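Chemist: The sequence isn't on hand, but the structure is:
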């Protein structure tokens, strides 16, 4: 699959964009989110959670490092935020590799902080700020 681009003109368009991304997740259990601080990674993950049927409140796991939700089929979704870690060993200490190897959906913010731990097969989602509410979403499957 080549790079897919989705334009999000306003926050009101997040649900449609999230539904498009949700439809593309079948082949990916590891999804990494890149974008500058304030680009809307967590906000988009909230919308993606809703598109996947998550009933719980989706919030940034900045201090816990990982939050677990259940999708509409009662399958776990793991949401990571590695912004605050100083060393990948901190991710190892919370069992990151077990989560990544679980086969369940892992949504990872600030993946560059744990690059060495990530499996080569993953979906890269890059959010680029294009205006006060608008974003460009680029999806690129990565493999070994």
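Modeler: Great, that's in hand. Worth saying up front: this structure is predicted, and the values here are computed from it rather than measured.
Chemist: Just the strands from this structure, written as ranges.
Modeler: 4-8, 30-34, 66-70, 76-81, 105-109, 122-129, 135-142 (DSSP state E).
Chemist: quick one: contacts for the closest residue to residue 33 other than its chain neighbours?
Modeler: Sequence neighbours aside, residue 41 is the residue nearest to residue 33 in space, at 4.4 Å (criterion: CB to CB, 6 or more residues apart in numbering). (C-beta placed from N, C-alpha, C; glycine too.) Residue 41 makes contact with 33, 35, 109, 127, according to CB atoms under 8 Å, 6 or more residues apart in numbering.
Chemist: looking at those, which has the most residues close by?
Modeler: Neighbour count (other CB atoms under 10 Å) singles out residue 33 as the most crowded of these, with 25 neighbours.
Chemist: I'd assumed residue 107 was in contact with it.
Modeler: Yes. When contacts are counted by CB atoms under 8 Å, residue 33 is listed as touching residue 107 (6.9 Å).
Chemist: Name the residues contacting each of the two.
Modeler: residue 45.
Chemist: Looking at the contacts of residue 41, which two lie furthest apart in space?
Modeler: 109 and 127 (10.3 Å; CB to CB).
Chemist: quick one: common contacting residues for those two?
Modeler: 33, 41.
Chemist: residue ranges with poor pLDDT in this structure?
Modeler: Across the chain, residues meeting the criterion (pLDDT under 70) sit at 1, 144.
Chemist: okay, now residue 117: neighbour count?
Modeler: 16.
Chemist: ok, it touching residue 91?
Modeler: Yes. Here residue 117 reaches residue 91: they are 5.9 Å apart, a contact under CB under 8 Å.
Chemist: for the closest residue to residue 113 other than its chain neighbours, what are its contacts?
Modeler: For residue 113, ignoring the flanking residues on the chain, the nearest one in space by CB to CB, 6+ apart is residue 82 at 4.2 Å. The contact partners of residue 82, by CB under 8 Å, 6+ apart, come to 65, 91, 108-111, 113-114.
Chemist: Include distance to residue 77 when you put the residues you listed into a markdown table, please.
Modeler: Shown next, in a markdown table, are those (distance: CB to CB, whole Å):
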| residue | distance to residue 77 |
| --- | --- |
| 65 | 15 |
| 91 | 18 |
| 108 | 12 |
| 109 | 13 |
| 110 | 18 |
| 111 | 16 |
| 113 | 20 |
| 114 | 18 |
